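K.L.:
predicted model, plus sequence, below.
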Amino acid sequence: MKTYKCPTCGKVLTRAEYEKALKIQGATEKHFHQREEALREKAQEREARFRKKERELQDRLKNESARIRRIEKARAERSNLGLKQSLQKANEEIRRLRTGTTPQTDGLEFEEKLVIRLRAEFPDDEVLHKGQGGDVLHTVKFGKEIAGIIVYECKRTPRIEGDHIAQAHQAKQIRQADFVVLVTTARKKGFTGFTQMNGVWIAAPLASIPLAALLRQHLIEMVKARITKEKRAAIAQQLMKFIDSPQFRNPVEEVVQRTTRLQEMIKKEAKDHFRIWRDRWEHYQTIHWNATQVQANLQLVLHGNAPKPMHHHKATPLQLP
């Protein structure tokens with residue numbers, strides 16, 4: 001009779017016992033294999049969760065770093081803007097100290113330029129500079145008849161102040177004007193060269209003439225239509241609404257922006273021209289110097305002397321007349 005050994009303990013078994021032991025061992029091995037697979041899957045799940053959390057943490061760190069960079073950039077921009085404004089103010093003070101001017105005298109000079117421009121644009125009107133009063137009185141005429149009065153206040157300051165608006169409004173009352181315009185070089189958030197505050201028109205210098213032309217035309221049309229003074233006030237309110245609307249504001253703002261760009265282009269073009277002229281001037285001087293040195297050495301050689309070494313010539317600065 002053939003005998004079999006137990007695969008686990010080595011005991012001699014019959015065939016039936018041996019086959020039974022094999023089934024038990026196979027079931028055990030299967031169990032351990034399944035358990036090993038389950039443990040491996042759990043380990044893989046834990047690893048996947050760990051990787052996911054790691055990625056989420058990295059994304060949060062990246063987002064936080066980007067947020068911090070944005071905050072720092074905005075803070076730096078605000079700081080730079082503040083420094084730029086402080087530097088601009090300091091340079092303005094230095095300029096005034098050197099020239100012996102004040103904000104008031106700057107304003108008077110500003111107004112004198114506006115008077116010249118208004119007289120050139122509207123030769124039939126009467127434009128007066130009231131000097132120490134600080135305002136420009138523009139009397140609009142239609143033939144020999146006075147159509148109305150526009151008063152201008154000029155300010156060369158970095159900001160639009162409430163006092164300036166109040167001063168302009170007071171000037172309108174004192175002069176009994178139909179309109180008042182505050183012409184200013186100031187900067188303010190949202191101010192692109194033209195706005196209206198408390199019945200006072202505020203315009204950048206480049207927008208002052210287009211605005212004056214519109215207000216002047218309105219006053220003339222009121223005279224032509226023989227509108228009574230009582231009705232003029234109501235129509236003036238409608239005009240103010242129109243001027244403050246996009247239909248008028250957008251073209252005027254575009255005029256200001258395009259004129260500013262054109263001025264910058266002229267400045268750049270002048271600088272480019274001057275640079276080219278300066279280079280040409282240096283070339284001409286160098287050519288003249290070299291020709292002079294060659295001629296001098298030629299004379300030395302002809303008289304039996306040794307030529308002198310050539311020296312580098314430093315051109316004199318270009319002086320424009």
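P.N.:
Cool, got the structure.
K.L.:
how near is residue 150 to residue 199?
P.N.:
Note on residue 150: its distance to residue 199, by CB to CB, to the nearest Å, is 13 Å. Heads up, the C-betas are built off the backbone N, CA and C, glycines and all.
K.L.:
go on, residue 38?
P.N.:
Computed with CB to CB, the distance linking residue 38 and residue 199 is 84 Å.
K.L.:
so which of the two has more stuff around it?
P.N.:
The neighbour count for residue 38 versus residue 199, taken as other CB atoms under 10 Å, is higher for residue 199 (14 against 10).
K.L.:
now do the more buried one, the pLDDT please.
P.N.:
For residue 199, the model assigns a pLDDT of 81.
K.L.:
wait, it touches residue 169, no?
P.N.:
Yes - the criterion here is CB atoms under 8 Å, and residue 199 meets it with residue 169 at 6.5 Å.
K.L.:
if I look at those two, which residues touch both of them?
P.N.:
Common neighbours of residue 199 and residue 169, using CB atoms under 8 Å, 6 or more residues apart in numbering, are residue 180.
K.L.:
still on that earlier bit, quick one: common contacting residues for residue 150 and residue 199?
P.N.:
Between them, residue 150 and residue 199 have residue 180 as joint contacts when contacts are counted by CB under 8 Å, 6+ apart.
K.L.:
where exactly do the strands run in the stretch 101-250 of the chain?
P.N.:
In the stretch 101-250 of the chain, strands defined by DSSP state E, counting those that start in this stretch lie at 126-129, 135-142, 145-155, 179-184, 194-197, 200-203, listed in chain order.
K.L.:
burial measure for residue 114, as a count.
P.N.:
Neighbour count for residue 114, taken as other CB under 10 Å: 22.
K.L.:
actually, residue 290.
P.N.:
For residue 290, using other CB under 10 Å, the count is 12.
K.L.:
could you do the one 3 residues further on as well?
P.N.:
Residue crowding around residue 293 was assessed by other CB under 10 Å; the count is 16.
K.L.:
how about the contacts made by it?
P.N.:
Residues touching residue 293, when contacts are defined by CB under 8 Å, 6+ apart, comprise 308, 310-311.
K.L.:
centre of the chain to the helix or strand where residue 275 lies, how far?
P.N.:
Here residue 275 sits within helix 246-302, counting by DSSP states H and E. How far helix 246-302 lies from its chain's middle: 27 Å, per CA atoms, centre = their mean, to the nearest Å.
K.L.:
try stretch 287-307
P.N.:
Relative to the chain's own centre, stretch 287-307 is displaced by 58 Å; criterion: CA atoms, centre = their mean.
K.L.:
okay, that stretch in PDB with CA atoms only?
P.N.:
The C-alpha coordinates for stretch 287-307 follow below in PDB (Å, rounded to 0.1, in the frame of the first residue of the first chain):
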ATOM      1  CA  ILE A 287      36.900 113.300 -39.600                       C
ATOM      2  CA  HIS A 288      38.100 116.900 -39.500                       C
ATOM      3  CA  TRP A 289      40.600 116.100 -36.700                       C
ATOM      4  CA  ASN A 290      42.000 113.000 -38.500                       C
ATOM      5  CA  ALA A 291      42.300 115.000 -41.800                       C
ATOM      6  CA  THR A 292      44.200 117.800 -39.900                       C
ATOM      7  CA  GLN A 293      46.500 115.300 -38.200                       C
ATOM      8  CA  VAL A 294      47.300 113.500 -41.500                       C
ATOM      9  CA  GLN A 295      48.000 116.800 -43.200                       C
ATOM     10  CA  ALA A 296      50.300 117.900 -40.300                       C
ATOM     11  CA  ASN A 297      52.300 114.700 -40.400                       C
ATOM     12  CA  LEU A 298      52.500 114.900 -44.200                       C
ATOM     13  CA  GLN A 299      54.200 118.300 -43.800                       C
ATOM     14  CA  LEU A 300      56.600 116.900 -41.200                       C
ATOM     15  CA  VAL A 301      57.600 114.000 -43.500                       C
ATOM     16  CA  LEU A 302      58.100 116.400 -46.500                       C
ATOM     17  CA  HIS A 303      60.500 118.400 -44.400                       C
ATOM     18  CA  GLY A 304      62.400 115.300 -43.300                       C
ATOM     19  CA  ASN A 305      60.900 115.000 -39.800                       C
ATOM     20  CA  ALA A 306      59.300 111.900 -38.200                       C
ATOM     21  CA  PRO A 307      55.500 112.000 -38.100                       C
END
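K.L.:
adding distance to residue 49, write the strands of the stretch 101-250 of the chain out as TSV.
P.N.:
As requested, those are exported to TSV (distance: least, CB to CB, whole Å):
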stretch	distance to residue 49
strand 126-129	81
strand 135-142	77
strand 145-155	67
strand 179-184	64
strand 194-197	59
strand 200-203	63
